[in-house]
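Student: for reference, the sequence and a predicted model appear below.
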Amino acid sequence: MRRLVLVLLPAALVLLLVLLRVFATADAPGAQRCRELGSQAATERCLVEAMLDAGSLTAASGELEGALAADTSLRLACHEAAHEVGERFYDASVDVAAFLGSPSAGVCEWGLVHGLLAGLLADSPSPERVDALLAVCTETGDRGFQQACGDSVGHAIWESEGSFAASVERCLRAGSPIGETCVSGVFMQLYRPVAPSADDGGVWSPPLTRDEVRALCDELPSSRAREACATAAYYAFAPDLGAARDVVLAADEPLAAAVSGFVPVLDAALGFCAGFQDGAEGCAKEVVRYALQMLRYLPADEVEALVCGRDLVAPVSAHCRNAAVALL
């Protein structure tokens with residue numbers, strides 16, 4: 001009997017700890033309750049409800065920021081959730097330009113802004129109204145803000161224009177870096193507007209082959225446009241890199257899985273970038289940055305060695321090391 005108690009006691013303690021953790025999570029306020037739900041779809045729906053409960057765009061941003069500070073793994077589900085919330089909060093009374101220029105805008109890769117712009121376009125798809133938002137991106141001297149802002153407006157420009165070449169031309173009326181990252185937003189919105197949620201049941205497929213992506217960029221009329229397009233074209237590998245990341249994070253030995261499953265996709269993406277006559281380095285820089293972002297849940301030193309240790313030209317290698325410091 002004593003031996004049975006000694007065997008069962010550790011199991012009972014483990015069960016008690018699990019139950020306490022579950023109840024603590026369930027009772028947590030706001031988006032904190034969305035931690036460790038077990039599936040990305042459930043986490044996404046929980047984040048949507050928590051942000052809507054917050055009552056406003058600014059409060060939703062703060063709610064999400066607090067949850068991400070407590071658990072960075074929520075980033076896996078937060079962009080699509082924020083996108084939905086931004087669209088649902090939009091109405092004609094919302095000052096889109098003011099929110100775009102606010103500190104609240106950047107939460108979860110600017111997901112709230114992407115949704116807000118989707119709502120604006122559904123309400124009033126005026127090219128002039130969208131173009132005017134590019135001016136908001138120039139109102140601060142912060143280069144990082146300008147880049148992210150330009151990218152967000154690029155999504156909206158594609159939706160209001162519908163032509164890739166014409167959208168690129170509109171983007172590049174803005175100076176650097178806003179014009180170039182605007183092109184990146186255009187390409188993303190063309191290529192994969194919003195990653196399908198796990199509970200959609202739909203199967204996403206790319207609208208262009210990778211050869212067609214190269215042709216799309218090569219046919220643009222200026223070297224600036226072609227370089228911006230090639231830099232944006234890294235996104236043609238984003239779905240594959242994301243899928244490889246998910247396998248890595250689910251593995252018992254994630255670093256070994258990264259070597260066997262993620263690195264071959266990364267090398268294929270770098271090979272794709274090398275095929276551009278204009279913008280090959282820009283494309284490769286975005287690939288390594290994105291790869292670091294995908295693997296930031298693993299130990300920093302190992303991830304930096306894995307990604308930045310590829311056979312990279314000097315400017316791309318330096319960019320990779322700098323990005324590793326910022327992201328990992």
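Tutor: Looks like it arrived, so ask away. All figures in this text were calculated on a predicted structure; none of them were measured in a lab.
Student: which parts of stretch 97-117 are buried?
Tutor: 99-101, 104-117 (16 or more other CB atoms under 10 Å). C-beta here means a position set from N, CA and C on the backbone, and glycine is covered the same way.
Student: now the most centrally placed residue in the chain: how far from residue 261?
Tutor: The residue lying closest to the centre of the chain (CA atoms, centre = their mean) is residue 109, at 5.3 Å. Between residue 109 and residue 261 the distance, using CB to CB, to the nearest Å, works out to 24 Å.
Student: same check on residue 136?
Tutor: 41 Å.
Student: which one's more surrounded, these two?
Tutor: residue 136 (20 against 16; other CB atoms under 10 Å).
Student: hmm, that one is touching residue 102, no?
Tutor: No - look at residue 136 against residue 102 with CB atoms under 8 Å: they stay out of range, at 10.1 Å.
Student: close enough to count as contact, residue 138 and residue 146?
Tutor: Yes - using CB under 8 Å, residue 138 makes contact with residue 146 at a distance of 6.8 Å.
Student: more neighbours, these two?
Tutor: Ranked by neighbour count (other CB under 10 Å), residue 138 and residue 146 place residue 146 first, with 22 against 13.
Student: now the element after the lowest-mean-pLDDT helix or strand in the chain, going C-ward?
Tutor: The helix or strand of the chain with the poorest confidence is helix 2-27; it has a mean of 42 (mean pLDDT, DSSP states H and E). Following helix 2-27 in sequence order, the next helix or strand is helix 40-54 (DSSP states H and E).
Student: just after that following helix, pick out the following helix or strand.
Tutor: helix 57-70.
Student: what angle sits between that following helix and helix 40-54?
Tutor: 140 degrees (axes from the mean of the first three to the mean of the last three CA atoms, to 10 degrees).
Student: give me the distance from helix 57-70 to the chain's centre.
Tutor: 16 Å (CA atoms, centre = their mean, to the nearest Å).
Student: what's it in contact with?
Tutor: 30-32, 34-35, 47, 50-52, 54, 74-75, 78, 82, 85-86, 89, 94, 99, 102, 104-105, 107-108, 112, 116 (CB atoms under 8 Å, 6 or more residues apart in numbering).
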